[in-house]
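*Asks:* coords please:
(chains A, B, C and D)
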Protein chains: 4
Amino acid sequence: MSDIEKLKQRLRDFAEERDWDQFHSPKNLVMALSVEVAELVEHFQWLTEEHSQQLDTKTLAEVTDEIADVQLYLIRLADKLSVNIVEAANNKIVKNAAKYPADKVKGKSKKYTEY
Amino acid sequence: MSDIEKLKQRLRDFAEERDWDQFHSPKNLVMALSVEVAELVEHFQWLTEEHSQQLDTKTLAEVTDEIADVQLYLIRLADKLSVNIVEAANNKIVKNAAKYPADKVKGKSKKYTEY
Amino acid sequence: MSDIEKLKQRLRDFAEERDWDQFHSPKNLVMALSVEVAELVEHFQWLTEEHSQQLDTKTLAEVTDEIADVQLYLIRLADKLSVNIVEAANNKIVKNAAKYPADKVKGKSKKYTEY
Amino acid sequence: MSDIEKLKQRLRDFAEERDWDQFHSPKNLVMALSVEVAELVEHFQWLTEEHSQQLDTKTLAEVTDEIADVQLYLIRLADKLSVNIVEAANNKIVKNAAKYPADKVKGKSKKYTEY
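*Replies:* From the prediction side, this is the model:
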């Protein structure tokens, strides 16, 4: 079983043990996901780009926990929608490669660096 | 190599081929991540919770692509910060279990369903 | 002087007294704005739509403070970009009315309720 | 009648003419607000801080429209919750001044520049 599959199962058990399935509609989970991402943004809002590449140990530990939260909610949401994240991500890279041909977008950020 | 590791490598190649590494500071990536999550939120904003559980085929395909985008930016961000997502996620589940003891929070959403 | 103009001036003084102007680039302010909105979302993520219309006194007071924060950062951002919010908002209502003709979108949410 | 009050009234008419009141629960409006803020973030995600202070005419026009959208949804949300935005914003500045005393936070961003 893959890492993502294992995490999906752990989250199912976690929700079931707490009787939280009733709150986990996709609408609610997507809201919770956006809140977790903002907690990540909060750590970076006043940093320069350069500084954002050199986090101190304490901040990096907090950021690591927020990255984990985003990953967990994303897995939970995908589970509720029966979406296979890894397959979807691999497919999306192929689409992105076609959308942003390397020779046309090389070194350009404007409108091109979005996946 | 795990699924996440493989995706990480594909994204490194993708950015290198396009000379996009220069734009991928953690500060910028976290902003891009928040934009992708909002594109996911957009699909759910006017739906009832019930309706959010029964997406039509077209919407589900679009939502799947947005989930993929969130996953890809999250992997890219974690890579730039040298964070092991799977390890972080597993550690976070343990912390959450301690923070929200099943017997105390059972069936309660308020302040307790946040991971 | 209008209410918004007065708030703009108060925020200028506030930042100047704290020597915070150096952190208030539009890029940083837009990140801070997104964080404040997420703090608002956090209050609503596990509520039903119906419940979201009947907040208890404590939650409403907290939500009021978050709405204020969003308004303050929005004014600060607009000030830094020399955007007149009230004029922009009035212009946007006219555009939205043209984009969503009342007789065509009446009672429909899908793709139409976005301003 | 103040600018905000006038916009509030225009938005009420706008929603009523389209029979959109049924979709405008605070929960849904707060989601829509977060989506509009992300459309604002999108314009800034790959810009340097310096560049974000010198937007070209086209980008500034688009950013102005997004700022307007955020303002409109914020007014609509506040209306639905019977929150007086201007009063709330003025009260919040007073709270922030107490929370971040000028002499203690002068020139420091970390944990202090959040309103």
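
*Asks:* OK, contacts around A:E16?
*Replies:* A:E16 makes no contacts at all, as judged by C-beta atoms under 8 Å, 6 or more residues apart in numbering or on different chains. Backbone N, C-alpha and C define where each C-beta goes, glycine included.

*Asks:* Tell me the pLDDT of it.
*Replies:* What the model reports as pLDDT for A:E16 is 96.

*Asks:* now do the one 3 residues further on
*Replies:* Per-residue confidence (pLDDT) for A:D19: 95.

*Asks:* Checking the residue lying closest to it once chain neighbours are set aside next. Helix, strand or coil?
*Replies:* Of all residues beyond its chain neighbours, the one nearest A:D19 is B:G107 (4.2 Å), with distances taken as C-beta to C-beta, 6 or more residues apart in numbering or on different chains. Three-state call for B:G107 (DSSP: H, G, I helix; E, B strand; the rest coil): coil.

*Asks:* Am I right that B:G107 is in contact with A:F23?
*Replies:* No - look at B:G107 against A:F23 with C-beta atoms under 8 Å: they stay out of range, at 9.2 Å.

*Asks:* hmm, back to that, look up phi and psi at the residue nearest to A:D19.
*Replies:* Per-residue torsions, B:G107: phi 70, psi 0 (degrees, to the nearest 10).

*Asks:* ok, now which ones touch it?
*Replies:* A:R18, A:D19, A:W20, A:Q22.

*Asks:* and the last one, how many neighbours does it have?
*Replies:* Spelled out, that is A:Q22. By other C-beta atoms under 10 Å in any protein chain shown, 12 other residues sit near A:Q22.

*Asks:* What are the structural domain limits within chain A?
*Replies:* For chain A, automatic domain parsing gives the domain ranges A:3-83, A:84-115.

*Asks:* how about A:W46, phi and psi?
*Replies:* phi -100, psi 0.

*Asks:* ok, it to A:T59 distance?
*Replies:* To A:T59, A:W46 is 12 Å away according to C-beta to C-beta, to the nearest Å.

*Asks:* which one of the two has more residues nearby?
*Replies:* Neighbour comparison, A:W46 and A:T59: the larger count goes to A:W46, with 23 against 16 (by other C-beta under 10 Å).

*Asks:* Return the distance of that one relative to chain B.
*Replies:* 10 Å (C-beta to the nearest C-beta, to the nearest Å).

*Asks:* who's in contact with the residue lying closest to that residue once chain neighbours are set aside?
*Replies:* Leaving aside its chain neighbours, A:W46 sits nearest to D:S109 (4.0 Å; criterion: C-beta to C-beta, 6+ apart). By C-beta under 8 Å, 6+ apart, the contact list for D:S109 reads A:W46, C:W20, C:F23.

*Asks:* Over to A:A97?
*Replies:* B:F14.

*Asks:* secondary structure class for it?
*Replies:* Per three-state DSSP, A:A97 ends up helix.

*Asks:* Over to A:E50?
*Replies:* Classified using three-state DSSP, A:E50 is helix.

*Asks:* Distance-wise, check the nearest residue to it once chain neighbours are set aside relative to A:L74.
*Replies:* Of all residues not flanking A:E50 in the chain, B:S25 sits nearest, at 7.6 Å (C-beta to C-beta, 6+ apart). Distance of B:S25 to A:L74, computed by C-beta to C-beta: 22 Å.

*Asks:* With neighbour numbers in mind, choose between the two.
*Replies:* A:L74 (26 against 22).

*Asks:* Where do the helices of chain A begin and end?
*Replies:* A:3-18, A:26-44, A:49-52, A:57-80, A:85-99, A:102-105 (DSSP state H).

*Asks:* out of these, nearest to C:K6?
*Replies:* Proximity to C:K6 (C-beta to C-beta) singles out helix A:26-44 among the helices of chain A, at 28.4 Å.

*Asks:* Mind giving me the packing neighbours of that closest one?
*Replies:* Counting contacts by 3 or more C-beta pairs under 8 Å, 6 or more residues apart in numbering or on different chains; DSSP states H and E, helix A:26-44 is packed against helix A:57-80, helix B:26-44, helix B:49-52, helix C:26-44.

*Asks:* do you know which of those lies nearest C:N90?
*Replies:* helix C:26-44 (20.8 Å).

*Asks:* now that closest one against helix D:57-80, angle please.
*Replies:* 20 degrees (axes from the mean of the first three to the mean of the last three C-alpha atoms, to 10 degrees).

*Asks:* what does the average pLDDT come to for helix C:26-44?
*Replies:* Rounded mean pLDDT across helix C:26-44 is 98.

*Asks:* Format the CA atom coordinates belonging to it as PDB.
*Replies:* Provided in PDB are the C-alpha atoms of helix C:26-44 (Å, rounded to 0.1, in the frame of the first residue of the first chain):
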ATOM      1  CA  PRO C  26       1.500  45.200  -2.200                       C
ATOM      2  CA  LYS C  27       2.700  41.600  -2.500                       C
ATOM      3  CA  ASN C  28       3.000  41.300   1.300                       C
ATOM      4  CA  LEU C  29      -0.300  43.100   2.000                       C
ATOM      5  CA  VAL C  30      -2.200  40.800  -0.400                       C
ATOM      6  CA  MET C  31      -0.800  37.800   1.500                       C
ATOM      7  CA  ALA C  32      -1.800  39.300   4.800                       C
ATOM      8  CA  LEU C  33      -5.300  40.000   3.400                       C
ATOM      9  CA  SER C  34      -5.600  36.400   2.400                       C
ATOM     10  CA  VAL C  35      -4.600  35.300   5.900                       C
ATOM     11  CA  GLU C  36      -7.200  37.500   7.500                       C
ATOM     12  CA  VAL C  37      -9.900  36.200   5.200                       C
ATOM     13  CA  ALA C  38      -9.000  32.600   6.200                       C
ATOM     14  CA  GLU C  39      -9.400  33.600   9.900                       C
ATOM     15  CA  LEU C  40     -12.900  34.500   8.900                       C
ATOM     16  CA  VAL C  41     -13.400  31.300   7.000                       C
ATOM     17  CA  GLU C  42     -12.200  29.400  10.100                       C
ATOM     18  CA  HIS C  43     -15.300  30.500  12.000                       C
ATOM     19  CA  PHE C  44     -17.600  29.100   9.400                       C
END
